[in-house]
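Colleague: generate a structure from the sequence data that follows.
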Amino acid sequence: MKLSKKIMAFVGAGLLLAGSFGFASELPLVIYDDAVSEKVGDGNWDVQLWIPNYDKDKSEGSCSIMTGLIGRYGAFAFYFGEGQLSEIKGKKDNVYLCFDVKFTKKNQQLQVRFVDTDDGTKKNIPWRLAYDLKASDYKVDEWCKVEIPLASMFCWGGWSNITNTWTDIGSNEFDFTRVEKLEFAAEEAPVSSKFLIDNIRIIEK
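Modeller: This is a model prediction of the structure:
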């Protein structure tokens, strides 16, 4: 996946916003609840639909996100400051990524993943810690609660937008002290229809 200069500039703006935090967040960490949290930044690329949804079709509260029409490899993302998720390291067995989702088509699927920082060096590979989210595993046209144990997510490599290279996972492991962003990506196929998402958070049990 090669990003255009325009997209890189947009993503860079998101990083600049998130980079202003620079502290370790305690859990639970709210990412989205009626609005994007002040503790994170947000951005997207190759996503044609991304709007606040204030009508009655929401999980709870006053607003959800209506999104979709995502090209393959497109994604929407939430950006963290340097070291913001470092508290997770060493206790991910008890940590969960949670959100509410309302799919509208059975063929909708996304890869939900944390991505490490990318500086173009072999020392800091942007590893992906991922989970494949498929509408076929849930009821369609109903709000469903999703709880993903971080321990069940898989690290499968990393793509550098700086060097335009893919690195397969080896002896290195995903590093929560370097997390840059949480992505909802159309990794396997485009998402050609809308869906809704709400109440995104990271919790500890």
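Colleague: centre of the chain to the longest strand seen in the chain, how far?
Modeller: In the chain, with assignment by DSSP state E, the single longest strand is strand 64-79. Distance, stretch centre to chain centre, for strand 64-79: 9 Å (C-alpha atoms, centre = their mean, to the nearest Å).
Colleague: check which residues of that strand are buried.
Modeller: 64-70, 73-79 (16 or more other C-beta atoms under 10 Å). No exception for glycine: its C-beta is placed from N, CA and C like everyone else's.
Colleague: so can I have CSV of those showing pLDDT?
Modeller: Converted to CSV, those look like this (pLDDT from 0 to 100):
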residue, pLDDT
64, 92
65, 94
66, 93
67, 94
68, 94
69, 95
70, 96
73, 94
74, 96
75, 96
76, 96
77, 97
78, 97
79, 97
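Colleague: between all of these, which two are separated the most?
Modeller: Greatest spatial distance among the buried residues of strand 64-79 (C-beta to C-beta): 64 and 73, at 24.5 Å.
Colleague: mean confidence for stretch 186-205?
Modeller: On average, the pLDDT along stretch 186-205 is 95.
Colleague: tell me how far it lies from the chain's centre.
Modeller: Taking C-alpha atoms, centre = their mean, one finds stretch 186-205 lying 8 Å from the centre of the chain it belongs to.
Colleague: pull the CA atoms of it into PDB?
Modeller: Listed next in PDB are the C-alpha coordinates belonging to stretch 186-205 (Å, rounded to 0.1, in the frame of the first residue of the first chain):
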ATOM      1  CA  ALA A 186     -10.400  -2.600   4.700                       C
ATOM      2  CA  GLU A 187      -7.400  -5.000   4.500                       C
ATOM      3  CA  GLU A 188      -9.000  -7.900   2.500                       C
ATOM      4  CA  ALA A 189     -11.600  -6.100   0.400                       C
ATOM      5  CA  PRO A 190     -13.300  -2.700   0.000                       C
ATOM      6  CA  VAL A 191     -16.300  -1.900   2.300                       C
ATOM      7  CA  SER A 192     -18.800  -0.700  -0.300                       C
ATOM      8  CA  SER A 193     -21.700   0.100   2.100                       C
ATOM      9  CA  LYS A 194     -22.300   2.000   5.300                       C
ATOM     10  CA  PHE A 195     -22.100   0.800   8.900                       C
ATOM     11  CA  LEU A 196     -22.200   2.400  12.400                       C
ATOM     12  CA  ILE A 197     -19.700   2.300  15.300                       C
ATOM     13  CA  ASP A 198     -19.900   3.700  18.800                       C
ATOM     14  CA  ASN A 199     -18.400   3.600  22.300                       C
ATOM     15  CA  ILE A 200     -14.800   2.700  21.400                       C
ATOM     16  CA  ARG A 201     -12.600   2.200  24.400                       C
ATOM     17  CA  ILE A 202      -9.800   0.100  25.900                       C
ATOM     18  CA  ILE A 203     -10.600  -1.500  29.300                       C
ATOM     19  CA  GLU A 204      -9.000  -3.700  31.900                       C
ATOM     20  CA  LYS A 205     -10.800  -6.500  33.600                       C
END
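Colleague: in it, which residues are buried?
Modeller: For stretch 186-205, the neighbour count (16+ other C-beta under 10 Å) marks 186, 187, 191, 194, 195, 196, 197, 198, 199, 200, 201, 202 as buried.
Colleague: bridge partners for residue 132, pull those for me.
Modeller: residue 111 (DSSP bridges).
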